[in-house]
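Peer 1: structure of the sequence below:
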Amino acid sequence: MPEILLLTDASLPQRQGRFDVTVEDGVVRSILPAGDAPALTRAEIRDLSGRFLIPGLWDNHVHFSQWTIQRQRLDLSSTGSAAEVLQLVRSALTAPDAGGSAPSAPAPLVGYGFRDGLWPDEPSVAELDATSGGHPVVLISGDLHCGWLNTAASQLLQAQPDDSGLVREGAWFPAMERLQDSTVLTTADYRAAAEAAARRGVVGVVEFENTDNITAWPQRVAEGVDQLRVEVSVWPDKLQDALARGATSGDPLDPSGLVTMGPLKVIVDGSLNTRTAWCWDPYPGMDPAHPHACGMEAVPISELESYMRAARDGGLAAAIHAIGDRANTAVLDTFESLGMAGVIEHAQLLRESDIPRFAQLGLTASVQPEHAMDDRDVADRFWEGRTDRAFALKTLEESGAQLRLGSDAPVAPLDPWGSLTAAVTRSRDGRESWHPEQRISAASALAASTRGRVEVEAGDVADLAVVDADPLDPALLTDGGAQLRTMPVAATLVGGRFTFDAL
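Peer 2: Predicted structure coming up:
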């Protein structure tokens, strides 16, 4: 990396004229009118030709290994029924490259992306067995909270589904971990996924994979997966080990400073698509006497409080998954009782009385706007009459809450332009805007994707993206946001170092 980098003829969002931007030692040192920068003999000069220089983008919620693995899995995202899923499984198992001299223990066929909330038919382990024979088949729901397994896969992963073949929530996550542990991902695989993120202007991610992130990510960076900053989380089963290491949130974990310690992550409830998000009201069609008629409490709140107290006392922040309105109430109560700031992940359905509490308690709402686009139909069915307070981004913002945007990749693609566009338009695929009163401005969405920065300023760490258009230009929204969603990115820099360069 050169000592000095001069980015010439740069445009800046919502500002007239062109500018020359000097970067030295990984920091933006000056922003001057084009042609006014002094001659620099030791500088590398790159002409932006009027392209826009913006703060680099963050994805504030990813499962990076799952996102990387997804590239190797059967894509089920287009299916609308159990029958359609079975047809894809049948085709995959009979494809020419799927057979050959079958080993005694064939590798499972793994599919990802089904959403059964609105299926017209029911999944069945018997039908999946009939389709797959003895070949293990593991089908993962789009929200990662459920698996559909045949008998061979159930035995392999030590899971116990019911007659549907479905395994949900706490019974499913250990099986998914066993599957992941058996999947070989190389440094090249991780590097390819990180490079793909850099090509979309991403400079950093918050990693919520349930593994030993504190060890894994510094090792990956040392092996060349150095395109991103990574804040790593720790889950409850690894909390004591993390506390014993003495790292507190914000501490660097590798010599380059790319990896930093992040928060404790706890999942308090399930998800909307699996009808396990913990709500105050029962799901339609559920017997009110059913123990999970309102969803489920994945971690008892007393245990949550114990985990959070230990994290707080050990210098770790907390990021708590809460989707249903009852889960959010309980998590807000816990943050308040501990006097602890932090992040609520998802915050999808909220009671009106709880919305002001985010700002009052100094909590951040880490939200995934693409989920609103994925889930709008299932929300209209299972949260009927309540969707005015679902994915309530504008109401949260107006209450003073700090917003962060993310993807929850692989639940949605690791591409902040999709999240940003969904937040601004509440629309996708040509459909009408869903609850347009909850749209936020492009400036708010950009700030929520860049750690609060809308403009590049002198003194900033040079985590930057070079894009072809002004992301705050209203003209990008005239076609439903398609131009914003597909924003061309010409370059990305992390600490002044090019991690993607198509200039």
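
Peer 1: the stretch 101-250 of the chain: strands as residue ranges?
Peer 2: 109-114, 137-141, 146-149, 166-168, 202-207, 229-234 (DSSP state E, counting those that start in this stretch).

Peer 1: now the fourth one: mean pLDDT?
Peer 2: In this model, strand 166-168 has a mean pLDDT of 92.

Peer 1: ditto for the last one
Peer 2: The predicted model assigns strand 229-234 a mean pLDDT of 98.

Peer 1: now do residue 72, the pLDDT please.
Peer 2: The score at residue 72 is 82. That number is its pLDDT.

Peer 1: kindly report the same for the one 10 residues further on.
Peer 2: In this prediction, residue 82 carries a pLDDT score of 95.

Peer 1: report the separation between it and residue 114.
Peer 2: 8 Å (C-beta to C-beta, to the nearest Å). To be clear about C-beta, it is placed using only N, CA and C from the backbone, and glycine gets the same treatment.

Peer 1: looking at the two, which one has more neighbours?
Peer 2: residue 114 (27 against 22; other C-beta atoms under 10 Å).

Peer 1: nearest spatial neighbour of the more buried one, chain-adjacent residues omitted?
Peer 2: The shortest distance from residue 114 to any non-neighbouring residue, by C-beta to C-beta, 6 or more residues apart in numbering, is to residue 76 (4.3 Å).

Peer 1: among the strands of the stretch 101-250 of the chain, which is nearest residue 59?
Peer 2: Residue 59 sits nearest to strand 202-207 of all these, at 4.8 Å, using C-beta to C-beta.

Peer 1: so residue 18 sits right up against residue 9, yeah?
Peer 2: Yes - using C-beta atoms under 8 Å, residue 18 is in contact with residue 9, at 5.1 Å.

Peer 1: identify the contacts common to these two.
Peer 2: Common contacts of residue 18 and residue 9 (C-beta atoms under 8 Å, 6 or more residues apart in numbering): 34, 50.

Peer 1: would you list the phi and psi of the closest residue to residue 401 other than its chain neighbours?
Peer 2: Spatially, and ignoring its direct neighbours in sequence, residue 401 is nearest to residue 358 (3.7 Å; C-beta to C-beta, 6+ apart). Here is the backbone geometry of residue 358 (degrees, to the nearest 10): phi -60, psi -50.

Peer 1: list the residues that contact residue 358.
Peer 2: By C-beta under 8 Å, 6+ apart, the residues touching residue 358 are 332, 344, 347, 364-365, 396, 399-402.

Peer 1: so of the residues you listed, which ones are in strands?
Peer 2: Using DSSP state E, the subset of the contacts of residue 358 located in strands is 344, 364-365, 402.

Peer 1: tabulate the residues you listed (TSV), appending distance to residue 33, pLDDT and neighbour count.
Peer 2: Below are these laid out as TSV (distance: C-beta to C-beta, whole Å; pLDDT from 0 to 100; neighbours: other C-beta atoms under 10 Å):
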residue	distance to residue 33	pLDDT	neighbour count
344	43	98	27
364	37	98	22
365	39	98	25
402	34	98	17
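
Peer 1: closest one of these to residue 47?
Peer 2: Once C-beta to C-beta is applied, the member of these that ends up nearest residue 47 is residue 402, at 36.5 Å.

Peer 1: surely that closest one meets residue 366?
Peer 2: No - applying C-beta under 8 Å, one finds residue 402 not in contact with residue 366, separated by 9.4 Å.

Peer 1: now do the helices in the stretch 351-500 of the chain.
Peer 2: Applying DSSP state H, counting those that start in this stretch to the stretch 351-500 of the chain gives helices spanning 355-360, 369-382, 393-398, 416-425, 442-449, 482-485.

Peer 1: can you give me the buried ones in the third one?
Peer 2: Meaning helix 393-398. Neighbour-count burial for helix 393-398 flags 393-397 (criterion: 16 or more other C-beta atoms under 10 Å).

Peer 1: of these, which is the nearest to residue 268?
Peer 2: Of all the buried residues of helix 393-398, residue 268 sits closest to residue 396, with 18.4 Å by C-beta to C-beta.

Peer 1: wait, doesn't that closest one sit right on residue 357?
Peer 2: No - under the criterion of C-beta under 8 Å, residue 396 makes no contact with residue 357, lying 10.6 Å away.

Peer 1: and the pLDDT at the residue sitting nearest the centre point of the chain?
Peer 2: Centroid-nearest residue in the chain: residue 408, 2.2 Å away (criterion: C-alpha atoms, centre = their mean). pLDDT for residue 408: 97.

Peer 1: same deal with residue 492?
Peer 2: Looking at residue 492, its pLDDT is 98.

Peer 1: how about the ones in strands among the contacts of residue 358 in a markdown table, adding distance to residue 171?
Peer 2: A markdown table is the format used below for the ones in strands among the contacts of residue 358 (distance: C-beta to C-beta, whole Å):
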| residue | distance to residue 171 |
| --- | --- |
| 344 | 25 |
| 364 | 31 |
| 365 | 29 |
| 402 | 35 |
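
Peer 1: shaky segments in this protein?
Peer 2: Residue ranges of the chain with pLDDT under 70: 1-2, 96-105.

Peer 1: now do 80
Peer 2: 1-2, 37, 39-41, 71, 95-106, 181-183, 287-291 (pLDDT under 80).

Peer 1: domains of it?
Peer 2: Domains of the chain are assigned by automatic domain parsing as 58-63+188-501, 73-181.

Peer 1: quick one: distance of the shortest one to the chain centre.
Peer 2: Domain 73-181 has its average C-alpha position 23 Å from the chain's average C-alpha position, going by C-alpha atoms, centre = their mean, to the nearest Å.

Peer 1: also the first one?
Peer 2: Its chain's C-alpha centre and that of domain 58-63+188-501 lie 6 Å apart, by C-alpha atoms, centre = their mean.

Peer 1: show me the helices in the stretch 201-350 of the chain, by range?
Peer 2: Listed in chain order, the helices of the stretch 201-350 of the chain (DSSP H, counting those that start in this stretch) span 213-222, 239-245, 301-313, 325-338.

Peer 1: which strands and helices sit next to the last one?
Peer 2: Where contact means 3 or more C-beta pairs under 8 Å, 6 or more residues apart in numbering; DSSP states H and E, helix 325-338 is packed against helix 301-313, strand 318-322, strand 342-346, helix 355-360.

Peer 1: any chance of the ones you listed in JSON lines with distance to residue 277 as columns?
Peer 2: Putting those into JSON lines (distance: least, C-beta to C-beta, whole Å) gives the following:
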{"stretch": "helix 301-313", "distance to residue 277": "15"}
{"stretch": "strand 318-322", "distance to residue 277": "9"}
{"stretch": "strand 342-346", "distance to residue 277": "9"}
{"stretch": "helix 355-360", "distance to residue 277": "17"}
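
Peer 1: quick revisit: residue 421 is nearest to which of the strands of the stretch 101-250 of the chain?
Peer 2: For the strands of the stretch 101-250 of the chain, the distance to residue 421 is smallest for strand 202-207, at 15.1 Å, taking C-beta to C-beta.

Peer 1: parallel or antiparallel, which strands does the closest one pair with?
Peer 2: Strand 202-207 pairs in its sheet with strand 57-62 (parallel), strand 229-234 (parallel), by DSSP bridges.

Peer 1: name the residues that touch stretch 71-86?
Peer 2: The contact list for stretch 71-86, computed with C-beta under 8 Å, 6+ apart, reads 88-89, 92, 109-114, 116, 118-124, 127-128, 131, 139-140, 142, 148, 183, 189, 192-193.

Peer 1: which of those residues are buried? Put it as a PyMOL command.
Peer 2: The buried residues among the contacts of stretch 71-86 can be selected in PyMOL (16+ other C-beta under 10 Å) with this line:
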select buried, resi 88+89+92+109+110+111+112+113+114+116+119+123+124+127+128+131+139+140+142+148+183+189+193
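
Peer 1: ok, back up a step: highest mean neighbour count out of the helices of the stretch 351-500 of the chain?
Peer 2: helix 416-425 (a mean of 27; mean count of other C-beta atoms under 10 Å).
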